[in-house]
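1. Pasting the sequence and the predicted model now:
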Amino acid sequence: DDEIGYADTIEYDEELKGPISSITDPDPMTRELKVMCKKVIVEEGETEFENTSFEELDEGMVIEVSGYSDSSGAIRATYIEKISDVYDEEEDEVEIEGVVEEWNEEDMFKIEGCVVYYSEDTEFDGFSPGDLDNGLYVEVEGKFEGPDKIFATEIELEDDYDEQEWNEGETVHVEGYIEEVESKYKFEVNGYCVKVVEYTMLENGTLDDIVKDNMVKVEANIDEDDC
């Protein structure tokens with residue numbers, strides 16, 4: 001009724017799980033992690049922790065990460081859980097999400113800096129090996145072999161923003177970091193083009209805050225015309 005909704009299901013899915021390869025501290029309130037091949041930005045006071053803390057993060061620790069991707073592709077972590085102190089090659093599996101790149105049409109592709117290998121033993125969820133192609137957004141589970149190799153046990157096709165079907169005029173809610181800014185009145189968040197119009201309400205900021213990598217929450221109506 002536009003005020004109260006009743007959930008049929010709630011599903012949680014982290015963006016990344018694996019060992020910390022390196023840590024740098026650009027300032028006292030920020031830590032930059034490399035988790036396998038993915039950059040993760042941790043901000044004290046902004047990131048929630050379970051089984052660890054901002055100060056206790058250490059190289060080799062296996063963590064689970066949730067957050068938002070910024071314009072550089074780094075994950076700005078909202079939640080980090082420590083899984084274990086050391087990655088166990090026999091027992092532990094890693095997870096990573098991203099766009100398929102440099103697929104060799106046989107047994108290998110890349111997700112950013114990670115090289116993903118698959119075989120006839122790899123389980124494909126939501127599609128078949130023959131449907132694999134560059135540009136697909138997938139989640140990979142498997143075994144990590146440093147510094148950048150993942151041997152996939154499962155590859156799942158994920159819903160991408162461009163594949164969601166919306167109706168003209170339907171209200172949507174989008175939260176994330178501003179990726180591209182054409183002007184104060186036109187920018188992108190999570191792949192959506194957002195237009196600011198004369199009746200747009202601004203909260204906790206002004207048009208001057210419409211800049212790359214600022215985080216926003218947007219409530220808007222779908223407009224099928226080109227943005």
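-> Received it, and whenever you're ready, just let me know what you need. These numbers were taken from a predicted model, which means no experiment stands behind them.
2. Just say helix, strand or coil for the residue in the chain sticking out farthest from the centre.
-> Farthest-out residue of the chain from its mean C-alpha position, per CA atoms, centre = their mean: E198, at 32.0 Å. Under DSSP: H, G, I helix; E, B strand; the rest coil, the three-state class of E198 is coil.
3. and if you look at V65?
-> Classified using three-state DSSP, V65 is strand.
4. and the residue nearest to T30 when sequence neighbours are not counted, what does it touch?
-> Among residues not flanking T30 along the chain, E43 sits closest, at 5.5 Å (CB to CB, 6 or more residues apart in numbering). All C-beta atoms are positioned from the backbone trio N, CA, C, and that covers glycine. By CB atoms under 8 Å, 6 or more residues apart in numbering, E43 lies in contact with 29-30, 76-77.
5. want to throw these into JSON lines with neighbour count?
-> Formatted as JSON lines, the contacts of E43 follow (neighbours: other CB atoms under 10 Å):
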{"residue": "M29", "neighbour count": "12"}
{"residue": "T30", "neighbour count": "15"}
{"residue": "R76", "neighbour count": "21"}
{"residue": "A77", "neighbour count": "24"}
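6. Now flag whichever of those residues is closest to A7.
-> A77 (25.1 Å; CB to CB).
7. so that closest one makes contact with T47?
-> Yes - using CB atoms under 8 Å, A77 makes contact with T47 at a distance of 4.7 Å.
8. what's the overlap in contacts for the two?
-> In contact with both A77 and T47: G67, using CB under 8 Å, 6+ apart.
9. Quick one: low-confidence residue ranges for the protein.
-> 1, 159-167, 224-227 (pLDDT under 70).
10. mind redoing it with 50?
-> Scanning the chain with the threshold set as pLDDT under 50 gives 161-163.
11. Break down the protein into its helices, ranges please.
-> Using DSSP state H, the chain contains no helices.
12. Point out the ones among the contacts of E43 that are inside strands.
-> Members of the contacts of E43 lying in strands (criterion: DSSP state E): 30, 76-77.
13. Could I get the residues you listed in JSON lines, plus columns for distance to Y118?
-> Converted to JSON lines, the ones in strands among the contacts of E43 look like this (distance: CB to CB, whole Å):
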{"residue": "T30", "distance to Y118": "35"}
{"residue": "R76", "distance to Y118": "29"}
{"residue": "A77", "distance to Y118": "28"}
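14. List just the nearest of those to G60.
-> Distance from G60 was checked for each of the ones in strands among the contacts of E43 by CB to CB. The minimum falls on A77, at 17.8 Å.
15. distance of that closest one from I210?
-> According to CB to CB, to the nearest Å, A77 and I210 sit 24 Å apart.
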